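> Next come a sequence and a model predicted from it.
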Amino acid sequence: MTRIQEVRARQILDSRGRPTVEVDVTLEDGTLGRASVPSGASTGTYEAHERRDGDPADYCGLSVRGAVRAVHDEVAPALHGHDVGDQRGIDTLLRDLDGTANLSRLGANAVLGTSLAVCRASALAAGRPLHRRIAELAGVDTPSLPMPMVNILSGGLHAGRGMDVQDFLVVPAGSSGVGDALHAVERVRTAASDVLANRGLPTLLADEGGLSPGCASGHEALTLLVEIIERAGLEPGHDVVIAIDVAAHSLVDPDGRYVHAREGVVRTTAEMVDLVEGWVEEFPIFSVEDALDEEDWAGWTELTSRIGQRVQLIGDDLFTTNGTRLERGIAAGAANGILVKVNQNGTLSGTLDVVARARDAGYVPVVSARSGETEDAFLADLAVGTGAGQIKVGSLRCSDRLAKYNQLLRIAEDDTLPFAGKP
């Protein structure tokens, strides 16, 4: 009764009002697993291909009707009768059916929606929590509740380039559990609204629910964030530490220089390395993501050598949850952590393989949402099931973000699960 009876897809809308794919996998006993696919604004060149139709009259070219048809016309017949418990076999079949390295024929959105729905249907059919099923697939004996990394101030492509650096986030390092961590972050998020309003700065929401005050430089934004943490009655560097997502791929010009348009400065790789190292020395920074471009391998190696013993250096566009890219980074000594985004990879099994390899190499995995999300909370179960230790979802605003945080709170009711705590 765990064989796949039907696979259906539809076009739904994500948190930015843009089309995305949702897939239903129905089993012979009537069990239905459903999953939807996120989409990014700041994307790496080596991500799995997100198939969109390109018709300017249909959602400005962003419709996904072709990906939906691919599920109905090719994926559904191929999976009919397969046992839903064979996640790896199904994911391999999907990749083979597509036949391209980056899933560009069927579309990674068609493939991933199916892959995640298969996993959810399998968990439901077995009467098991989704995070337990994921732990089984990942070979993780002890799932754990992750430490949240939460967006407070936004710029870059998430906020109309109101600031050069994309995101300034907080990690409630002094917290003892998920509930305590989210409470601390909400104190910071509320203080941020108050501080910005008192200064007459904008309090409009960016894509991931953060605020975009339009600071002229990264230093100014970091100074502001320290003030906000203190305004919340918390101690920077103890109760709360800072994380940064530079998203440098969106700053680099054809000559390999980093254009900080808001600040009015153009920097070389060496100057970017000095800049980030200076921030780390002055502020209670715990993690820096995508400090350099995805092809600036020499710069990444230098940056990792300089500050990799002091902070997390996370590769997002650098690695794009891609095993080949990760292997190159390991060999080059570039970064010491990897952002894990399922839609960059295209299948659940492929994503779990990347997490496992990262761990083997001593790289920290951080499970992450995208700027275009849905109410699907799969990501929360993924972070718990893999025991990743950290999750990056967005701010404590907007239901697409809160769906993940609320799922973590539900999962936390299982008091046998440890809390990862400060990484």
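That came through, no problem.
> drop to CA atoms for contacts and neighbour counts, all remaining ones
OK.
> Contacts made by the helix or strand encompassing residue 170 with the rest, please.
Here residue 170 sits within strand 167-171, counting by DSSP states H and E. Contact partners of strand 167-171, identified using C-alpha atoms under 8 Å, 6 or more residues apart in numbering, comprise 147-156, 185, 221-222, 225, 240-246.
> Which of those fall in helices?
Secondary structure defined by DSSP state H assigns 185, 221-222, 225 of the contacts of strand 167-171 to helices.
> quick check, nearest of the residues you listed to residue 276?
When those are compared for distance to residue 276 (C-alpha to C-alpha), residue 222 wins out at 11.7 Å.
> I figured that closest one was touching residue 283, is that so?
Yes - between residue 222 and residue 283 there is a contact at 7.3 Å, judged by C-alpha atoms under 8 Å.
> who's more crowded, these two?
Between residue 222 and residue 283, counted using other C-alpha atoms under 10 Å, residue 222 has the larger neighbour count: 23 against 17.
> contacting residues for that one?
Neighbour list for residue 222: 168, 283 [criterion: C-alpha under 8 Å, 6+ apart].
> What of the one 5 residues further on?
Applying C-alpha under 8 Å, 6+ apart, we find residue 227 in contact with no residue.
> Distance check, it against residue 236.
Applying C-alpha to C-alpha, to the nearest Å, the value for residue 227 to residue 236 is 9 Å.
> Could you identify which of the ones in helices among the contacts of strand 167-171 has the most neighbours?
Taking other C-alpha under 10 Å as the neighbour criterion, residue 185 ranks highest of these with 28 neighbours.
> For that residue, list the residues it contacts.
Under the criterion of C-alpha under 8 Å, 6+ apart, the contact partners of residue 185 comprise 150, 170-172, 396.
> I'd like the residues you listed as TSV, with neighbour count and pLDDT appended.
TSV is the format used below for these (neighbours: other C-alpha atoms under 10 Å; pLDDT from 0 to 100):
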residue	neighbour count	pLDDT
150	28	96
170	28	97
171	29	98
172	29	97
396	22	90
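> Between the residues you listed, which sits nearest residue 65?
Proximity of the contacts of residue 185 to residue 65 was ranked by C-alpha to C-alpha; the top entry is residue 396 with 31.7 Å.
> Could you verify my assumption that that closest one touches residue 209?
Yes - here residue 396 reaches residue 209: they are 6.9 Å apart, a contact under C-alpha under 8 Å.
> what does the average pLDDT come to for stretch 26-46?
Taken as a whole, stretch 26-46 has a mean pLDDT of 90.
> coming back round to it: I'd like the C-alpha coordinates of the strand holding residue 170 written as CSV, please.
Provided in CSV are the C-alpha atoms of strand 167-171 (Å, rounded to 0.1, in the frame of the first residue of the first chain):
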residue,chain,number,x,y,z
ASP,A,167,21.7,40.8,5.3
PHE,A,168,22.7,41.5,8.9
LEU,A,169,21.5,38.7,11.2
VAL,A,170,21.6,37.7,14.8
VAL,A,171,22.3,34.4,16.5
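> domain assignment for the protein?
Using automatic domain parsing, the domain ranges for the chain come out as 4-127, 138-411.
> ok, so what distance separates the most centrally placed residue in the chain from residue 338?
Central residue of the chain (C-alpha atoms, centre = their mean): residue 368, 2.1 Å from the mean position. For residue 368, the distance to residue 338 (C-alpha to C-alpha) stands at 10 Å.
> The domains of the chain into JSON lines, with extra columns for distance to residue 419?
As requested, the domains of the chain are exported to JSON lines (distance: least, C-alpha to C-alpha, whole Å):
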{"stretch": "domain 4-127", "distance to residue 419": "23"}
{"stretch": "domain 138-411", "distance to residue 419": "5"}
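> Nearest to residue 422, out of these?
Closest of the domains of the chain to residue 422 is domain 138-411, at 4.9 Å (criterion: C-alpha to C-alpha).
> circling back: ok, which pair from the ones in helices among the contacts of strand 167-171 is furthest apart?
With distances taken as C-alpha to C-alpha, the most widely separated pair in the ones in helices among the contacts of strand 167-171 is 185 and 221, at 17.4 Å.
> for residue 390, what are its contacts?
Counting by C-alpha under 8 Å, 6+ apart, the residues that residue 390 touches are 146-149, 365-367, 383, 420, 423.
> and it, how far is that from residue 270?
Relative to residue 270, and taking C-alpha to C-alpha, residue 390 is found at 30 Å.
> Likewise for residue 241?
Taking C-alpha to C-alpha as the measure, residue 241 falls 26 Å from residue 270.
> repeat for residue 132
Here the distance between residue 132 and residue 270 works out to 45 Å (C-alpha to C-alpha).
> quick one, which of the two is more surrounded?
residue 132 (20 against 12).
> With adjacent residues omitted, what lies nearest to the more buried one?
In space, and not counting its chain neighbours, residue 132 is closest to residue 385: 5.9 Å by C-alpha to C-alpha, 6 or more residues apart in numbering.
> Going by secondary structure, that neighbour is in what exactly?
Taking DSSP H and E as the definition, one finds residue 385 inside helix 378-386.
> Can you show me the CA trace of that helix as PDB?
Below are the C-alpha coordinates for helix 378-386, written out as PDB (Å, rounded to 0.1, in the frame of the first residue of the first chain):
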ATOM      1  CA  PHE A 378       9.800  21.000   5.200                       C
ATOM      2  CA  LEU A 379      12.900  23.000   5.900                       C
ATOM      3  CA  ALA A 380      12.400  22.900   9.700                       C
ATOM      4  CA  ASP A 381      12.200  19.100   9.600                       C
ATOM      5  CA  LEU A 382      15.300  19.000   7.300                       C
ATOM      6  CA  ALA A 383      17.300  21.000   9.800                       C
ATOM      7  CA  VAL A 384      16.300  18.800  12.700                       C
ATOM      8  CA  GLY A 385      16.600  15.500  10.800                       C
ATOM      9  CA  THR A 386      20.100  16.200   9.600                       C
END
